[in-house]
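In: give the three-dimensional model of this entry:
(4 chains, ligands or ions: 6)
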Amino acid sequence: MTARFHKLINEPDRIVDEMLAGFCDAYSDIVRLAGDRLVLRAQPKAMGKVGLVMAGGSGHEPAMLGWIGRGLLDVNIVGEIFTAPGPGRIVDGIRAADRGGGVLLCVSHHEGDRLNAELALEFCEADAIDKVEMVILYDDISSAPKGRESERRGTAGLFFVWKLLGAYCEGDVELEAAKALAEKVRDNTRSLAMSLSSCASPVSGEVMFEMAPGEMEIGMGLHGEIGMGRQEALSADETVDLMLQPILDDLPFRAGDEALVLLNNSGGMTLMELFILYRGVAVRLREAGISIYKSWIGPYATTLETAGFAIALCRVDAQLKALWDAPANGAYMKQH
Amino acid sequence: MTARFHKLINEPDRIVDEMLAGFCDAYSDIVRLAGDRLVLRAQPKAMGKVGLVMAGGSGHEPAMLGWIGRGLLDVNIVGEIFTAPGPGRIVDGIRAADRGGGVLLCVSHHEGDRLNAELALEFCEADAIDKVEMVILYDDISSAPKGRESERRGTAGLFFVWKLLGAYCEGDVELEAAKALAEKVRDNTRSLAMSLSSCASPVSGEVMFEMAPGEMEIGMGLHGEIGMGRQEALSADETVDLMLQPILDDLPFRAGDEALVLLNNSGGMTLMELFILYRGVAVRLREAGISIYKSWIGPYATTLETAGFAIALCRVDAQLKALWDAPANGAYMKQH
Amino acid sequence: MRIGPAELAAMLEAIARRISAEREALNRLDAALGDGDHGTSVSAAFSAAVDDIAALNQPSASDIWLAAAKAVMNRMGGASGAIFGSFFLKGLPAVRGHDSLSKSDMEAVLKAGLQGVKARGKTEVGDKTMVDALAPAVADFAKAGDYAEGWRGTAAAARIGADSTRTLTARRGRARYLGERAIGHIDPGAATVATIFEAIDAWWEELIRSN
Amino acid sequence: MRIGPAELAAMLEAIARRISAEREALNRLDAALGDGDHGTSVSAAFSAAVDDIAALNQPSASDIWLAAAKAVMNRMGGASGAIFGSFFLKGLPAVRGHDSLSKSDMEAVLKAGLQGVKARGKTEVGDKTMVDALAPAVADFAKAGDYAEGWRGTAAAARIGADSTRTLTARRGRARYLGERAIGHIDPGAATVATIFEAIDAWWEELIRSN
Ligand SMILES: Nc1ncnc2c1ncn2[C@@H]1O[C@H](COP(=O)(O)OP(=O)(O)O)[C@@H](O)[C@H]1O
Ligand SMILES: Nc1ncnc2c1ncn2[C@@H]1O[C@H](COP(=O)(O)OP(=O)(O)O)[C@@H](O)[C@H]1O
Ligand SMILES: [Mg+2]
Ligand SMILES: [Mg+2]
Ligand SMILES: [Mg+2]
Ligand SMILES: [Mg+2]
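Out: Ligands and ions are numbered 1, 2, ... in the order given. This is a model prediction of the structure:
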């Protein structure tokens, strides 16, 4: 497909600020805008709790804006489209999240996000802001082979970290325990994405990359980074066959396991297609003896209007199931 | 833009059934599938309450599947893509919703939906199923001039009816009162949609209509029915200027009014654009002295992958505000 | 000649085949004036009617007619399902009690069906709907002396009626929201009616020839 | 000749202008290997640096260098923001205390900056990053006798270094996920480094000529 070049924006260089103004106005009961593009909870969590901070580029809405709120994250530091914010702003976000219980800086693993987070942590140390920890999160099995998990990218499967860690940090927990919980969720999560189309940058109006109609690509990154190669587009069930087994093999998920399932819409897919794809996923998981605890299907972490989706699975135990069922109230993630 | 022709489906004639299988499996805590494509609440409401039934074509997901649940609707009778289901299936749905308090059949005004609903009501009478009422719902100001409101189409603004009527019918209310409440919401709601692209039928793979890049059309129907004419695509704020005033003039909304606001994504818009558009809407409403009670921005009633959106406003009083704030738990509409 | 259960079933099969061949063309007509599904809907429904009828055990003419009514009403859906469904439903009393239908029996069926359509749709000739094809077809059938002349007349009259919708604005159906923009396009429901009568006419000629 | 505050500010302006002209070309390089934003990011950051410097009141050379470091780090964002930011940040001590920079002062600044980049990015020559342009440029600058020769050398060496990334697979940055598919594309960060040194070289020639 060719991308839709006309976007309903005003000035290209006001996109992020106008987007934040609109979002924070619409959901002023949940979030508020502060400082230099910081999105905070409208009602901060109680003193003494661990604060959760996530910095990242725009273009993935409702991520991460929609995940600020009770039972979820505390602060989102918003960058330009697909661009991690710099360290000065990350330090601002850490300060804003600090309720005296320490702050966990969550990093979706991409070179830019990690480098800027590292710089921010050095600045925190220089400024004697203590009790700040960083956790590097990744889930995309296409980006490095098994055994080199820590080189992988963070993609849509971090959904599970946001929800479970958010619920955990509503309780009275230590910073170290929060970090360990984030790592536990990460280490039990695996994702793989595919795409049928490209998307156009609203800033330049240029298409991110060319993709012929009738092609698909497995292993796309969250910023339109190209994946493992082009192939002829398949049917829904064939696509699931191709994507699910590598995910199961990687952890590996085994018969008897229980899992949370996410089908993430990259933006331009119809929900109709996602429901059909989900049907295939559910049938195959049951065949493999894996039971599904809960599922979500929708646009949680998008790549602008890209037509594509990701399958993400998170293996859960009693602790994680209870955390899943805990209430959450973000603008785009509600649970009760 | 050209539409994306490849859809991730299996057999074209299994689309609706596979979609329903996937949806009802993923959200089995909220809905269950029964009979001939009936989506019911997993836990039916208490005996004696008014049942709410909505029949309609597919292709608008998450509408209406996502609106079945506590505080919302009871039964959705699902048709083929963009095709109202026939009267026999509507009668089945009415029976399934009957908890002894009467059933309100909600009809989004389109010729096919209304005609089939009328037939169904005649069949109910013949079958001596009594206490069934029908309410015809419309909101789209582009489809008939002021003074001929009852000829207008039902579009995304019915969002407000589903939520407010759903909350109302959790209480102990009479069927006649439920119908009156639906009419009250309808009569205080106005919508207008626009589109930047067409969409492709997943059944035929054919594009619904041709639309050149850089064009836009105001007044699109929910099924890709063409609207009031093509024009050059504008900026976000210019588009809001063009669409909002006719909506305000039509009711009319006046300074001092309070309103609920919906920005509905037809499918292929980015949330980024919708937040920017919302900013323009909010600024202009405040300038007009209209205060915003609450807002929603997202894909609630889609037209497959069409890139477009609708602005819908609902004027509210104390009763409607309280109904809005009541809890709801549909798969794609949660409030707490 | 009379039309008995076997002929009625064969006639519906001939209709289903022709409609199925015209499916995409009918969808395209509907894309211009409505939501682009008309061909898919009518084709699915007539095929379902044929299947349902094939499953009946030694059906009478009215069993067949009722099966068609149900299939059309419930499997076609949309505006056309209700409208075509009303045609079959309101024609049913005129079929009932006949082992087979003479030309004048059929005339009564068609007239009752047309009345059903107009009442259900609140539609008259000139509203740019299927009535613009159906009404002249039924009138022509009534004037004819026998089936052969009758079917030939309906096919011609329905097609002329369908083509006449091109210059009209619509007062019913989705197309009414288009105002002047509906001009230049043929109503898909009317085209379906013309296709149906052409299918019947061809089937009848074939039937006569092979007898 | 020495580079004082006025020249340093003018040099950064010259860089910003050139980068802005190359913005879309740099975005396209990044679209092939990464997420397509590199040109937008670097251009926005250098423009911001120029604005921030213009707002300073009688700045010293190190005031200017610090303003550039901050603007690059916070307005560029992404991997390149952290990397270029580290270049300026680690070069800062070598600027501090000088009213103006001799060729050998500048050499110390560039060397410290390069060290900062390699440490921050855990990157060596051959990883298909901006280091492939920066490292040979700094080495060439060190070998030169004066500024004119030095800048000419950096521009040439950086461009050759940038072009050399075309045949490499990547070990750092988004491109590393591409494996063999990265071959055939020039690293955008390296192209930016080459563009920067070309801008400085052209600016210096112009400066000499107009003196
Ligand atoms: N009120 C009516 N009376 C008669 N025919 C109607 C009426 N409304 C619609 N139709 C017919 O139905 C056709 C459209 O059918 P179809 O596309 O299957 O339904 P829908 O509009 O629900 O998608 C129109 O072309 C028209 O001939
Ligand atoms: N670890 C690293 N060391 C040195 N340079 C790097 C490193 N990671 C990335 N880069 C440089 O950054 C460039 C990409 O910058 P940019 O596109 O602005 O950031 P992002 O990848 O975050 O979108 C690459 O072309 C490369 O030259
Ligand atoms: Mg980036
Ligand atoms: Mg339809
Ligand atoms: Mg139609
Ligand atoms: Mg980049």
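In: chain neighbours aside, what residue packs nearest to the residue in the stretch 51-200 of chain A that ligand 4 sits nearest to?
Out: With distances taken as CB to the ion, the stretch 51-200 of chain A approaches ligand 4 most closely at residue A:196, which sits 26.0 Å away. Using the backbone N, CA and C atoms, a C-beta is placed for each residue, glycine as well. Closest residue in space to residue A:196, ignoring its immediate chain neighbours: residue A:307 at 4.5 Å, by CB to CB, 6 or more residues apart in numbering or on different chains.
In: so which elements touch the helix or strand hosting residue C:12?
Out: With elements taken from DSSP states H and E, the one containing residue C:12 is helix C:5-21. Other elements packing on helix C:5-21 under the criterion 3 or more CB pairs under 8 Å, 6 or more residues apart in numbering or on different chains; DSSP states H and E are helix C:38-54, helix C:61-71, helix C:188-210.
In: is ligand 1 contacted by it?
Out: No: contact of helix C:5-21 with ligand 1 is not found when judged by CB under 6 Å from any ligand atom; the minimum separation is 11.8 Å.
In: give me the angle between the helix or strand just after that helix and helix C:188-210.
Out: Tracing the chain past helix C:5-21, the next element assigned as helix or strand by DSSP H and E is helix C:23-33. Our comparison of helix C:23-33 with helix C:188-210, counting by axes from the mean of the first three to the mean of the last three CA atoms, to 10 degrees, yields an angle of 160 degrees.
In: pull the residues that contact helix C:23-33.
Out: Helix C:23-33 has contacts (CB atoms under 8 Å, 6 or more residues apart in numbering or on different chains) with B:201, B:204, B:206, B:208-209, C:19, C:36-40, C:42-43, C:170, C:173-175, C:178, C:182, C:185-188, C:191-192, C:195.
In: phi and psi next, for the nearest residue to residue A:29 once chain neighbours are set aside.
Out: What sits nearest to residue A:29 in space, not counting adjacent residues and going by CB to CB, 6+ apart, is residue A:42, at 6.1 Å. The main-chain torsion angles of residue A:42 are listed as degrees, to the nearest 10 and equal phi -60, psi -40.
In: for residue A:42, the count of nearby residues, please.
Out: 14 (other CB atoms under 10 Å in any protein chain shown).
In: ok, now residue A:264?
Out: By the criterion of other CB under 10 Å, residue A:264 has 28 neighbours.
In: would you check how far apart whichever residue of the stretch 151-300 of chain A sits closest to ligand 3 and chain B are?
Out: Ranking the residues of the stretch 151-300 of chain A by distance to ligand 3 (CB to the ion) places residue A:223 first, at 6.3 Å. In this structure, residue A:223 and chain B are 14 Å apart, going by CB to the nearest CB, to the nearest Å.
In: residue A:46 against residue A:99, yeah?
Out: Yes: proximity of residue A:46 to residue A:99 meets the contact threshold set by CB atoms under 8 Å, at 7.0 Å.
In: between these two, which one's more packed in?
Out: Just comparing residue A:46 and residue A:99: by other CB under 10 Å the higher neighbour count belongs to residue A:99, 16 against 11.
In: that one: what secondary structure?
Out: Here residue A:99 is coil, with the state taken from DSSP: H, G, I helix; E, B strand; the rest coil.
In: so who does it touch?
Out: Contact criterion CB under 8 Å, 6+ apart gives A:44, A:45, A:46, A:47, A:48, A:49, A:50, A:51, A:74 as the residues in contact with residue A:99.
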